[in-house]
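Q: My questions concern the predicted model and sequence given below.
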Amino acid sequence: MARSRGALLRAILCMVALCGLLPVGVARAQLSGLTHLPVSNTAPVTFSADSVEYDREKQLVIAKGSVEAWQNGVVLRADEVTFNRATGEVTAHGHIVLMQPDGEVLFADYAELSQNFKEGVFEDPRALLPGNGRMAGNGARRTEGLIDTMSKGVYSTCNLCKGNPTKAPLWQMRARLITDDEEHQRIEYTDAEMQMFGIPVAWFPFFSTPSPNAKRSSGLLIPSVGINSHLGGFFAQPYYWVINDQSDATITPFLTTRAGPDLELQYRLRFNQGYLNLRSSIAYSDHQGEGLVDLNGVYDINDTWRGGFTLQRASSATYVTNFRLNSLLSGDPSVLPSNLFLEGFGEGAYARLDTRFYQSVNTAVSQSLLPNVLPRFEYSYFGQPDALGGRLSLETQDFQVLRQNGTDTRRASLSADWTRPYTGPLGDLWSLDLHTDIAAYDATQFNLEPNFGTHGSVNDAKAWPAAAVNFRWPFQRDSSGWGTQIIEPMAQVVVSPTEGGGQLSRYPNEDSLDLFNFSDADLFSLHRLGGIDRLEGGNRLAVAMHGAWYLGGMAFDSLIGQSYRTTRDTWLPQQTGLRDQVSDIVGRATFTPASWLDVTYRTRLSHQTLRSNYSEIVAAAGVPRFNLSVGYIYSPYDPYYYFDQAPPPPTTSGFYTPRHEITVGASTKWGYYRLTGFARRDIATGQMVAAGGDAIYEDECFIADLRFYRRFTNYNGDNGATTLLVQFTFKTVGQFGFSAL
């Protein structure tokens, strides 16, 4: 059968070549190799079929049975195709399939084509587009190979019901005319009607959307409508502008009933050496001009060096809060950073020179207390193993910090570390760390924030050498009935000079400002306080026992440890757990009895009374159908605060209130439906912190999303906030929604 089919095809090609429909060279190539060769824009159609007839009088070539014709990347398939040599027209009958180079496929029962398939009309057309898009109509016209227009057409991305294909889909767009403009990559609807389950819900005299295969397309985006407690009613209409292949912009006019108009602009530029992003807005609110800008960019100088900058500024905290402009900011909306940097990357080395400035948009943070860093230089190096098997690493951080009301600091520092690992004959693991920190300081207004020192200025230097020996000895047992058990004693000995409380009055603090909370993660850390401005000096010993058990799908992993020192660091707060010669006991345990349950617990116990000074537990249970998560945290007082003033005295109860907070979350997924929810409550104060939920329906063509969020805490001068969002997404068409804030 294959031999007869090949012979028939060769006969067809010979006949077509003799009739002048194909160049003889093409026919010969087809005869010898039966391969499809590329054709020019002016070349005739190349085709194959089961049988062919030639009418010399009417100059017709009639191909029948599994006809396939191709020209310029367009492929036509049909039961029967008639080629008119005199007019260049092509008529196709039965099971017509016209495949475009961009992946779009057009189906019909009857078609008349000309101009190398660029012109034509179709009866009972149907089209399959990227993104599961489908179009159908009574008739269609193809113009210049770029525009397909359907009359009385319908478009949807929803799958038809298998049991009843005539049943209306979840949604569809019906229109008097539907135009698929491939040149501009848009689909246009004239006299259009949006239907849900066959019921009309909206009418548009004209409607236009990007084609599903368009990567980017200029045009109006879906508007936003809602109610805001600060703005009143609002309406936003974004416009997306494709400027060129490297850049685009989104322009959004924003109208409100209470706070005045606002205009937002987002601009994006990408080029070979880097990028540039702009997010900005301007408004006339409360009888004055307001504005915000977030501009950042990066430029690659060469393979080693690059430079960049960030500029964030806002006219007021009220403007950012009222217009909910946090989405325009790329970082923390409370403090806006700006910087200019140059950085280089080498083999095992990194260097950076930058400047940093900050603006407060939080009423709780005073602008005069924020630092300006001008300049800051950082360099780090990590070497290759030397002849002794160790590695040398170096780091320097040099900077000048200026404050309007606060300490001005200049620091130059160098940290050097040499580490040598060693494996003993019994599987014992050792490492030797030789470390040195050297720093020189010059500070003025030392008696102000954030140091509150006893002198107006300081000029001092320090050197802190330290040696540490780390030890681990893992023991593992494997048995078929009891799985794998691991017991691993761990220890660290650190020898270093005593720093003591004198460092509070001698050296400014710029890199150890975070309130420290001792945990199992810091037990074997050489710098437990984060930076080198505050150091935990003196000789110390840290010990821990690590154990694990793995049995089938069950896993248990735990660690408990403590630290001992030769001196006390009375300058440390009692709540850190490191003030005395014997530290608090820290521990961690993770238990996974099955794939559907995971529990992690962390704690810090008083070394005197075994009372919990810190506790944290996180548990997650469930399967894809339903998941439940629970979290709890306890600490002596809330560690998350801004250092814009000296800590309050102990008589102030609010600041030192212990933190008891519990969070509960749940989610479920059932077919097309997803539900999530959470609630967070402070047990110590008996008040809710936040709560929210999300209900989503999503199938192949439609998304319905209902979101609710409530914040009960005060922030930036407000008394909590509530957000309600209702959003409907018609895939490949757009989004419609309503929000209340």
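A: Yes, it's here.

Q: For the rest of this, base every contact and every neighbour count on C-alpha atoms.
A: OK.

Q: hmm, who's touching the helix or strand hosting residue 493?
A: Using DSSP states H and E, residue 493 maps to strand 483-495. Here strand 483-495 makes contact (Cα atoms under 8 Å, 6 or more residues apart in numbering) with 466-478, 524, 526, 538-552.

Q: Can you list which of these are found in strands?
A: 466-472, 475-478, 540-551 (DSSP state E).

Q: Among those, the buried ones, what's the PyMOL command?
A: Selection of the buried residues among the ones in strands among the contacts of strand 483-495 in PyMOL, burial being defined by 16 or more other Cα atoms under 10 Å:
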select buried, resi 466+467+468+469+470+471+472+540+541+542+543+544+545+546+547+548+549+550+551
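
Q: Low-confidence ranges, this protein, go.
A: Across the chain, the ranges flagged by pLDDT under 70 are 1-45, 324, 326-333, 514-516, 637-656, 715-718, 741.

Q: let's go with 50 and repeat that
A: Counting by pLDDT under 50, the chain shows low-confidence ranges at 1-41, 638-645.

Q: show me where it has helices.
A: Counting by DSSP state H, residue ranges of the helices within the chain are 2-18, 24-33, 317-322, 502-506.

Q: helices or strands next to the third one in the packing?
A: Contacts of helix 317-322 with other secondary structure elements, assessed using 3 or more Cα pairs under 8 Å, 6 or more residues apart in numbering; DSSP states H and E, are made with strand 288-300.

Q: buried sites along the strand it packs on?
A: 290-300.

Q: of all these, which two lie farthest apart?
A: Within the buried residues of strand 288-300, 290 and 300 form the most distant pair, 34.1 Å apart (Cα to Cα).

Q: mind listing the strands for the stretch 551-700 of the chain?
A: Secondary structure of the stretch 551-700 of the chain (DSSP state E, counting those that start in this stretch): strands located at 554-565, 585-594, 597-605, 612-623, 626-635, 659-670, 673-682, 687-698.

Q: Which secondary structure elements does the shortest one sit against?
A: This means strand 597-605. Under the contact criterion of 3+ Cα pairs under 8 Å, 6+ apart, strand 597-605 touches strand 585-594, strand 612-623.

Q: For the longest one, C-alpha coordinates in PDB please.
A: Extracted in PDB, the C-alpha atoms of strand 612-623 (Å, rounded to 0.1, in the frame of the first residue of the first chain):
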ATOM      1  CA  SER A 612      10.000  29.400  79.000                       C
ATOM      2  CA  ASN A 613      11.600  32.700  77.900                       C
ATOM      3  CA  TYR A 614      10.800  32.000  74.300                       C
ATOM      4  CA  SER A 615       8.500  29.500  72.500                       C
ATOM      5  CA  GLU A 616       7.500  28.900  68.900                       C
ATOM      6  CA  ILE A 617       5.500  26.100  67.400                       C
ATOM      7  CA  VAL A 618       4.400  25.600  63.800                       C
ATOM      8  CA  ALA A 619       2.300  22.700  62.700                       C
ATOM      9  CA  ALA A 620       0.900  21.800  59.300                       C
ATOM     10  CA  ALA A 621      -1.500  18.900  58.600                       C
ATOM     11  CA  GLY A 622      -3.500  17.800  55.700                       C
ATOM     12  CA  VAL A 623      -3.700  16.600  52.100                       C
END
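
Q: Which member of the buried residues of strand 288-300 is positioned nearest residue 697?
A: Using Cα to Cα, residue 294 comes nearest to residue 697 of those, at 34.8 Å.

Q: Tell me how far that closest one lies from residue 417.
A: Distance, residue 294 to residue 417, by Cα to Cα, to the nearest Å: 39 Å.

Q: repeat for residue 489
A: Counting by Cα to Cα, the gap from residue 489 to residue 417 is 25 Å.

Q: Could you do residue 379 as well?
A: For residue 379, the distance to residue 417 - Cα to Cα - is 14 Å.

Q: Residue 404 too?
A: 36 Å.

Q: Looking at the two, which has the bigger crowd around it?
A: Comparing residue 404 with residue 417 by other Cα atoms under 10 Å, the one with more neighbours is residue 417, at 18 against 12.

Q: I'd assumed residue 436 was in contact with the more buried one.
A: Yes. Contact criterion Cα atoms under 8 Å: residue 417 and residue 436 qualify, at 6.6 Å.

Q: residues contacting the nearest residue to residue 181 once chain neighbours are set aside?
A: Leaving aside its chain neighbours, residue 181 sits nearest to residue 147 (4.6 Å; criterion: Cα to Cα, 6 or more residues apart in numbering). Listed by Cα under 8 Å, 6+ apart, the contact partners of residue 147 are 179-183.

Q: Which ones among those lie within strands?
A: If you go by DSSP E, the contacts of residue 147 have 179-181 in strands.

Q: Is it possible to get TSV of these that adds distance to residue 393 and neighbour count?
A: Output for the ones in strands among the contacts of residue 147, formatted as TSV (distance: Cα to Cα, whole Å; neighbours: other Cα atoms under 10 Å):
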residue	distance to residue 393	neighbour count
179	65	21
180	62	23
181	61	18
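
Q: And these, which is closest to residue 131?
A: residue 180 (14.6 Å).

Q: distance of that closest one from residue 659?
A: Distance of residue 180 to residue 659, computed by Cα to Cα: 61 Å.

Q: now swap in residue 111 and tell me
A: Residue 111 is 75 Å from residue 659, by Cα to Cα.

Q: and the two? which has more neighbours close in?
A: residue 111 (25 against 18).

Q: Apart from its chain neighbours, what residue comes closest to that one?
A: residue 122 (4.4 Å).

Q: That neighbour - how many residues pack around it?
A: Applying other Cα under 10 Å, we find 23 residues neighbouring residue 122.

Q: Now do the contacts for it.
A: Residue 122 touches 108-112, 139-141, counting by Cα under 8 Å, 6+ apart.

Q: Keep only those of those residues that are in strands.
A: Using DSSP E, the contacts of residue 122 in strands are 108-112, 139-141.

Q: Of these, which pair is most distant in space?
A: Distance extremes for the ones in strands among the contacts of residue 122: the farthest pair is 109 and 141 at 13.9 Å, using Cα to Cα.
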